[in-house]
Structures are given as C-alpha cells and as structure tokens.
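Pasting the sequence and the predicted model now:
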Amino acid sequence: MNGDPNGRSVIVTGAGSGIGRAAALAFAAQGDRVVVADLNAEGADAVVKEIEQAGGGAVAVTGDLSEQAVVDRVTATAVERFGGVDVLVNNAGIMDSMSAPADVSDAEWERVIRVNLTAPFLLARAVLPHMLTAGRGAIVNTASEASLRGSAAGAAYTASKHGVVGLTKSLAVMYRRNGIRANAVCPGGTATAISVEADRTAHGPAALGPHFVNLGRVSQPEEQAAAILFLASDAASNINGAVLPVDDGWSAV
C-alpha cells in the first residue's frame, strides 16, 4: 500500500469482517482511502489498523447503518477526511431465519428490511449530492443469490435482496447521465462469519432444503471483493445497472 493522497475516497459498509473487510483491504492496497463502517467497533478498528500498518489510509465509523444519524456521520467522515465520496460499497447485511412468509414475525421482517435495503438506500441518498457535484461516482451494492431466486433464503432476506437489485437498477437509470454508475454483486456461498439461526423442522427451512444441493464451491471473501473492485473501477466504465452473480455457476443451474 502506498497511502496515495490522490487515491479515491471509498466507503465500505460491513467492513469489519468477511467480504467488507476483504474489499476495504483491497481498495486500500491500490491507494484508495477507506471509511471502514461497521456495527462492530472492534472489528472496524482492527481493519483500520491493518490498513495503516501496511501504509494505507483508513478511518473507522461504527454504528447501526439503518439509523440516519450514523449514515450522516459516515458520509461526513468521508468528505471531511478524504475530500468527498468517490465509491460507495453497500455491503453490510444480516440473514433471516429462513422463515416462510406465514411464519415471519414483524420484528424479523422490519429488522432485515431495515438493515439490508433501507440502509443502502439511506447511504446512497446521502452520498449522491457529493457524487453529483463531482460529476462522477460508483456505487456497488452487495445483493445475494437470494436476489435472483426465491429458494436461497427466507422471505424477509429474499425480499430485501430483491429490493437491493431494484435500487441498483433505479440508481443506474436515474444518474447515468451524471457520471454515476451503480452495479450489484450477488455472492453465492462465501466463507464469512454470518450464521443462520433456523428451526430446521419449520416450514421455511424444510421447503428450502432440497434447493441447496447445487450451491457450488464456497468462495473466499477476497473473490467477492475482486468483483466489487472491478465494478468500482474505470475498467468497468461502461457497466451500469449490472447484477453480477459471483457464485461458481449456482445461478446458472
């Protein structure tokens, strides 16, 4: 890492672990400055330390990204510390309990939608004025295999990730004449710390079970990060509104 002061200003959410951590490290390795946003302060601070020890630039912002005040703080930090927002990676998310629609509680539905869909919307809305002023910007949203089908997760998670795809496409259409691109990656099985707490005897998990036989190879977070970096790069300058499966062909089965 060279700590290039002319590198882009990048926000990565959920950057304290998993795909977000891998993406934050990869952006920093190419000279970008990174706002490491995560709910977990210990994880975010550890990633910032790792970047700084390698000569890069990063700052941690912790808090619940479904809250407007936290979104405002993340955006303001990027602008004040690094001069603007060139790239937003909406990666933070939570799983559901694989519940079927008839079994989803209000609390589960509202929390999953809030974190997985509303938070990316809030962040996109917050950074867009800065991107519009600059006349450029890239937004990469982490959708999911569950954004491509109805058989990869429970009702709340599936709906939230389908919504992320819709948000991505809307952003792409609305701002393509303003130099701003929006794309999404759809990870398949990936080796992260996210776990699923589900009653395997309930209707949802029982119905979904047979559909996981074609899961494909479990990827490493760095493989997902590579796709994110590509979509945020100038090499993808004419790619806008794309929904890219990164799933070893699971979505092709």
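Yes, it's here.

Give me the neighbour count for V59.
V59 has 19 neighbouring residues, counting by other C-beta atoms under 10 Å. Backbone N, C-alpha and C define where each C-beta goes, glycine included.

distance of V87 from A232?
In this view, V87 and A232 are 5 Å apart by C-beta to C-beta, to the nearest Å.

All the helices of the chain, residue numbers only.
18-29, 41-53, 68-82, 106-113, 119-134, 155-175, 203-208, 221-232 (DSSP state H).

if you average pLDDT over each of those helices, which comes out lowest?
Confidence, taken as mean pLDDT, is least for helix 203-208 of the helices of the chain (a mean of 66).

sorry, back to before: need the overlap of contacts for V87 and A232.
Counting by C-beta atoms under 8 Å, 6 or more residues apart in numbering, the residues touching both V87 and A232 are 10, 27, 138, 140.

How about the contacts made by the last one?
Under the criterion of C-beta under 8 Å, 6+ apart, the contact partners of V140 comprise 87-90, 182-185, 228, 231-232.

Just the ones of those in strands?
Using DSSP state E, the subset of these located in strands is 87-90, 182-185.

ok, now how distant is the residue nearest to A172 when sequence neighbours are not counted from A146?
Nearest residue to A172, sequence neighbours excluded (C-beta to C-beta, 6 or more residues apart in numbering): G241, at 3.3 Å. Distance from G241 to A146, counting by C-beta to C-beta: 19 Å.

same thing with F230?
In terms of C-beta to C-beta, F230 sits 22 Å off from A146.

before we move on, the earlier item: what is the nearest of the shared contacts of V87 and A232 to P101?
Distance to P101 across those (C-beta to C-beta) is lowest for V140, with 29.5 Å.

Closest to the centroid, which residue in this structure?
In the chain, the residue lying closest to the centroid (C-alpha atoms, centre = their mean) is N91, at 1.5 Å.

if I look at it, how far off is A202?
For N91, the distance to A202 equals 29 Å [C-beta to C-beta].

What is the burial count for the closest residue to L65 other than its chain neighbours?
Residue nearest to L65 in three dimensions, not counting chain neighbours: A119, with 4.3 Å by C-beta to C-beta, 6+ apart. Residues contacting A119 under the criterion other C-beta under 10 Å number 24.

Then N183?
Neighbours of N183 (other C-beta under 10 Å): 25.

Could you give the bridge partners of it?
With DSSP bridges applied, N183 shows beta-bridge pairing to V140.

hang on, it packs against V246?
No - N183 lies out of contact with V246 (C-beta atoms under 8 Å); the separation is 11.8 Å.

who's more crowded, F230 and A146?
Taking other C-beta under 10 Å, F230 and A146 do not tie; A146 has more neighbours (24 against 15).

give the contact list for the more buried one.
Per C-beta under 8 Å, 6+ apart, neighbours of A146: 152-153, 157-158, 161-162.
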